[in-house]
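**Student:** Quick one, fold the following:
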Amino acid sequence: MLAENTVSKARLWMPERVLFTPAALEESWGQQILQRVESLQLPVEKLTQNRLSISGDDEQEIYRTAKRTLAVVTAPPSSFKLSPIPPSADWQFHLAQGCPAHCQYCYLAGSLQGPPVIRAYANLPQILENLKSYADRSKVTSYEVSCYTDPLGIEHLTASLAECIRFFGSFEGGHLRWVSKFDAVDGLLDLPHNNHTRCRVSVNAAPISGRFEGGTASVKSRLEALRRLALSGYPVGVVIAPIMPMEDWELHYQNLFDQISTALDFECDLTFELITHRFTSKSKETLETWYPNSKLDMDESTRSLKRNKFGGSKYVYDSDTMKTMRRFFEQEISKRFSQAKILYWT
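**Tutor:** The predicted structure is shown next:
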């Protein structure tokens, strides 16, 4: 388990296979990604059809193969019809799908179909241009780009996050939001963001980050990256997720807040987002296939079943536990970061 003060910079993820569909190679941004991966001397395979196929003897082998594969494809037409994503932002859009990290509570397990191949979209210019039609002239419209990927985790291969930041720098009335568990921010520090991009890191207490977040940067390294972004003038944010009431949880989260206080020991535009652990029957089944030896607590008998208006359901902590944890987090933030804003608790 990682200690709270350990600095562990994540190694840049280098896929074992990079696949390009014919449609992706027809796109100028696809050609730009091709040049980047070839300059890194990564093995490139140019497919003959616009379809991916990942095979293996069992689900775990398919998972391992998929997580070592980058596929450069074009975003499907359906992705141009944006969906709202409250409480995070007004709208979500996607520059990629899939993540190179190995978080044993991964939320993508319940929302993406098929093997978790990391797919980067080659038609990024069209994706960005489409965002303008969703802007609300009466207010600043926010767009979240981290719902289906960790954009910083693949930035060295695609440069797509930097392109998004440049686009939003001149997008009047539109603001970008992204979040990461990685730390390679050098290429973002001098971009003309014009305060239109909020950069956030996702962090957690040491027993959770050290045990369940494989392949990521250490929490301290993530916070140091956030410090550098804030000093470069970006609005920043801390996402604490997924919050879990493990043994001595108050002490462990107080230690986390100590780390945040040390990293952000100056005035900056800071927000907090607080997300408790939850899971669905589908995500539990998938995660238990991916990580059969995980110690992650997904015991339905100790949770409350919460249903949404669309007929879906998820397992959350009981009401008393939620109230106790929320009170603790709100008090700690109020005490330590009086100028910061808590965007939501969920």
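
**Student:** Run through the helices of the stretch 51-200 of the chain in chain order.
**Tutor:** 59-67, 124-131, 155-158, 160-169 (DSSP state H, counting those that start in this stretch).

**Student:** for the first one, what is the average pLDDT?
**Tutor:** Across helix 59-67, the average pLDDT comes to 92.

**Student:** So which bits of it are buried?
**Tutor:** 62-63, 65-67 (16 or more other C-beta atoms under 10 Å). For glycine as for every other residue, the C-beta is placed from the backbone atoms N, C-alpha and C.

**Student:** that older thread, any idea which of the helices of the stretch 51-200 of the chain gets closest to Asp320?
**Tutor:** Closest approach to Asp320 among the helices of the stretch 51-200 of the chain (C-beta to C-beta): helix 59-67, 36.4 Å.

**Student:** Counting by contacts, list what the closest one packs against.
**Tutor:** Contacts defined by 3 or more C-beta pairs under 8 Å, 6 or more residues apart in numbering; DSSP states H and E place helix 59-67 against helix 281-290.

**Student:** quick one: buried residues of the helix it packs on?
**Tutor:** Buried residues in helix 281-290, counted by 16+ other C-beta under 10 Å: 283-284, 286-287, 290.

**Student:** Adjacent strands (with direction) for the helix or strand that comes right after it?
**Tutor:** Following helix 281-290 in sequence order, the next helix or strand is strand 304-307 (DSSP states H and E). On the basis of DSSP bridges, the sheet neighbours of strand 304-307 come out as strand 313-316 (antiparallel).

**Student:** how about the strand it pairs with: buried residues?
**Tutor:** Neighbour counts over strand 313-316 (16+ other C-beta under 10 Å) mark 314-316 as buried.

**Student:** circling back: including distance to Arg303, could the buried residues of helix 59-67 go into a markdown table?
**Tutor:** A markdown table is the format used below for the buried residues of helix 59-67 (distance: C-beta to C-beta, whole Å):
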| residue | distance to Arg303 |
| --- | --- |
| Ile62 | 29 |
| Tyr63 | 25 |
| Thr65 | 33 |
| Ala66 | 29 |
| Lys67 | 28 |
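
**Student:** residue furthest from the geometric center of the chain?
**Tutor:** No residue in the chain sits farther from the centre than Thr48, which is 31.2 Å out by C-alpha atoms, centre = their mean.

**Student:** before we move on, the earlier item: nearest to Pro115, out of the helices of the stretch 51-200 of the chain?
**Tutor:** Using C-beta to C-beta, these put helix 59-67 closest to Pro115, at 3.7 Å.

**Student:** Give me the angle between the closest one and helix 281-290.
**Tutor:** Counting by axes from the mean of the first three to the mean of the last three C-alpha atoms, to 10 degrees, helix 59-67 lies at 90 degrees to helix 281-290.
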